[in-house]
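1. This is a predicted model, with the sequence first.
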Amino acid sequence: MDKIARIKELVELLNKASRAYYAEDVEIMSNFEYDKLYDELVKLEEETGTVFANSPTQNVGYEVVSELPKERHPSPMLSLDKTKEVDALVSWLGDKQGLLSWKMDGLTVVLTYEGGHLVKAVTRGNGEIGEVITPNAKTFVNLPKSISYKGTLTIRGEAIITYSDFEKINDSIKDIDSKYKNPRNLCSGSVRQLSSEITAQRHVRFYAFSMVDPDDAELIESLDNSFKKRFDYLTDLGFQVVEAEPVTAETLPDMVKRFSDKIPSNDFPTDGLVLSFDDIAYGRSLGTTAKFPRNAIAFKWRDEEAETVLREIEWSPSRTGLINPVAIFDTVELEGTDVSRASLHNISYVKDMQLGIGDRIKVYKANMIIPQISENLTKSGSFQLPDACPACGGRVEVKNDNGSETLNCMNPECPAKNIKLFSLFVSRNAMNIDGMSEATMERFIGEGLLHNLSDIYHLREHKEEITQLEGFGTKSFDKLVAAIEESRNADMAGFLYGLGIPGFGVANAKLIVKYFKNDIDAIMNATQEELVEIDQVGDVLAGDFVSYFRDEKKLAEVKKLLGEINFVIEENTQPQDLEGKTFVITGSLESYPNRDALKKEIEDRGGKVAGSVSAKTSYLINNDINSNSSKNKKAKSLGVPIITEQDFLGNRL
């Protein structure tokens, strides 16, 4: 391929990656790969003297696509030039004073305050046109609502979501496919929501990294033309600023190391550092290039690489049917941790890398976090696709998805595709097996350890295989087995709910168990006519319930499960004084540890608990009787009494 053709190829590839990153919040290649291709493009453009108008070396990002109002920035927000060499930073700074700060990985936002109040917030967008997100910015958890400076003040900074908040949000999402990929993507989507209420729920934070010259000449003079003093002033106003340290050419290398040492303990995402001249006037006098300002430069850590040997390509099935390749290699230490696995993305990636078992490869951690293969030194290309799904042994098929080849399981009954059933079975309201997360079960399914629900009770027989999996040791294995053993003493209603019968919830299960007086055989042989006699069990649910136990395959699996568990029948000595009454519970509780505990007492006393207020609701339990919540409003409009916990405990109904 000649140089001009390669330039065209690189321009198309890098523009596609930029469009995905800036406009769609999707990463289709790692920073390492992007930087490598970008540097190649710069070199080829210099060598040939040919630069196309749509080259990413000439443009800054892409125009955003959303329904938010758009606004042009008073002056373009240019990207920073970058380097991975500390010596280059030292040379760039020369004999000047500098300020070294984090380059946070979130979404750049420009705030404007007037009269001490926030009046406008605009995203960076494509550098020239951004999106107006003022209502959303007002929900940023650490942003001052008012400041002492009453003139016009424009501040640039990064909106981010911390790792700890990111993990809490992801932990609350049960569907593993719906979990967010990383804090940066979640933050970008959160800041650009059409509803500020959703933004508020995401705990977005703002860290200032620069202040545009205010109109107040006296203020400018008091800040003594110093970038550092502007940081201090913003801090005094109540803003959180990015951590920054003064440096000289002599102290710069040591300060870079001090920043890098903090990365493992940081609660916020970063993708490098920024070095700025402290002398603002000097930096401004240097002007800009077509793409970069000359008053600051970005530093990205040179990714620590290690050479190792590829021992296996593990094919891991997922609920979508995709079978994802994972590289298994001899353990190496990267960024202070042991690494032995890296995602290979898809078949096309494996082919492009020309991978084969026994190849010598180089691996690194993208952004010092995510293990990746950077280079294949051997390039044997001898890898072989599996001829069957590792989870079910079913037929596999190679598909082409937008130019990328993927391996797919074609068996609709593959356990990997039915992960939701496994997840339901082990959930708190079903068999309550602590430690069996969806990710864990997907790993077990991929390893061929789980095919049916009953296999859960035989995992103890696979100690050797499980303790060799990444993230599993003897201690975690023993803890998981203990939780499984504890679940053998089961609640009958929870067991029925965990089978995943269509439309069948916990409340229905309790009603059926109560009606058939804890007789599991009678329940399994129930007729549709018997079931519809039960309150709240209609024809459709009754039909689905009967059909489930008439399915020979499902019935055989239920019988296997019944051979593994014992039902604990709790004798209910509670008076049935709430029979015929329906309750809805909302708000925080004081006397009960959680809503399930209060729900259990209501049901033990013959009452029912619903999720929403309706004309059939007898009482709404809410300790904040005077709140303006939607449930309170609905209850008042329907004439439903609102009572507190104490009212309930005192039988003041």
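-> Thanks, I have the structure now.

2. Give me the most central residue, this structure.
-> The centroid of the chain falls nearest to Tyr180 when counting by C-alpha atoms, centre = their mean (2.5 Å).

3. Validate this expectation: that residue resides in a helix.
-> No. If the criterion is DSSP: H, G, I helix; E, B strand; the rest coil, then Tyr180 is coil and not within a helix.

4. you'd agree Ser293 is up against Leu80?
-> No, residue 293 isn't Ser; it's Pro. Yes. Look at Pro293 against Leu80 with C-beta atoms under 8 Å: they come within range, at 7.0 Å. Where you see a C-beta, it was placed from the backbone N, CA and C, and this is true even at glycine.

5. wouldn't the residue nearest to the centre of the chain be in contact with Asn170 here?
-> Yes. Here Tyr180 reaches Asn170: they are 5.8 Å apart, a contact under C-beta under 8 Å.

6. still on that earlier bit, who touches the residue nearest to the centre of the chain in this structure?
-> Taking C-beta atoms under 8 Å, 6 or more residues apart in numbering, we find Tyr180 in contact with Phe166, Ile169, Asn170, Ile173, Leu186.

7. Just the buried ones from the residues you listed, in ChimeraX syntax?
-> For the buried members of the contacts of Tyr180, the matching ChimeraX selection, counting by 16 or more other C-beta atoms under 10 Å, is:
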select :166,169,186
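
8. Output the contacts of Tyr180 in TSV, with distance to Ser265 and pLDDT appended to each entry.
-> Formatted as TSV, the contacts of Tyr180 follow (distance: C-beta to C-beta, whole Å; pLDDT from 0 to 100):
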residue	distance to Ser265	pLDDT
Phe166	16	88
Ile169	21	86
Asn170	20	79
Ile173	26	72
Leu186	21	86
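
9. closest to Met524 among the contacts of Tyr180?
-> Met524 lies nearest to Ile173 out of those, by C-beta to C-beta, at 33.9 Å.

10. hang on, the earlier thing: mind listing which of the contacts of Tyr180 are in strands?
-> Members of these lying in strands (criterion: DSSP state E): none.

11. and which of the contacts of Tyr180 is nearest to Gln240?
-> For these, the nearest to Gln240 is Phe166 (17.8 Å; C-beta to C-beta).

12. For the closest one, which non-adjacent residue is closest in space?
-> Spatial nearest neighbour of Phe166, excluding adjacent residues (C-beta to C-beta, 6 or more residues apart in numbering): Pro183 at 4.3 Å.

13. rewinding a little: okay, and the common contacts of Tyr180 and Asn170?
-> Joint contacts of Tyr180 and Asn170 (C-beta under 8 Å, 6+ apart) do not exist.

14. if we can go back for a sec, spit out the contact partners of the residue nearest to Phe166.
-> Asp105, Gly106, Ile160, Ile161, Thr162, Tyr163, Asp165, Phe166, Phe268, Pro269.

15. what two of those are the furthest from one another?
-> So for the contacts of Pro183, where distance means C-beta to C-beta, the most widely separated pair is Asp105 and Asp165, at 14.4 Å.

16. how far out from the middle of the chain is the longest helix along the chain?
-> The longest helix of the chain (DSSP state H) is helix 3-23. On the basis of C-alpha atoms, centre = their mean, to the nearest Å, helix 3-23 sits 27 Å off its chain's mean C-alpha point.

17. so what does the following helix or strand past it touch, helix or strand wise?
-> Per DSSP states H and E, the first helix or strand lying C-terminal to helix 3-23 is helix 31-48. In terms of contacts (3 or more C-beta pairs under 8 Å, 6 or more residues apart in numbering; DSSP states H and E), helix 31-48 is packed against helix 3-23, strand 360-366.

18. between the longest one and helix 31-48, how many degrees?
-> The reference is to helix 3-23. 140 degrees (axes from the mean of the first three to the mean of the last three C-alpha atoms, to 10 degrees).

19. So for helix 3-23, mean pLDDT?
-> For helix 3-23, mean pLDDT is 77.

20. That one - contacts with which helices or strands?
-> Secondary-structure packing of helix 3-23 (3+ C-beta pairs under 8 Å, 6+ apart): helix 31-48.

21. Show me what secondary structure element comes after the helix it packs on.
-> Following helix 31-48 in sequence, per DSSP H and E, is strand 70-72.

22. any idea of the mean pLDDT in stretch 477-485?
-> pLDDT averaged over stretch 477-485 gives 93.
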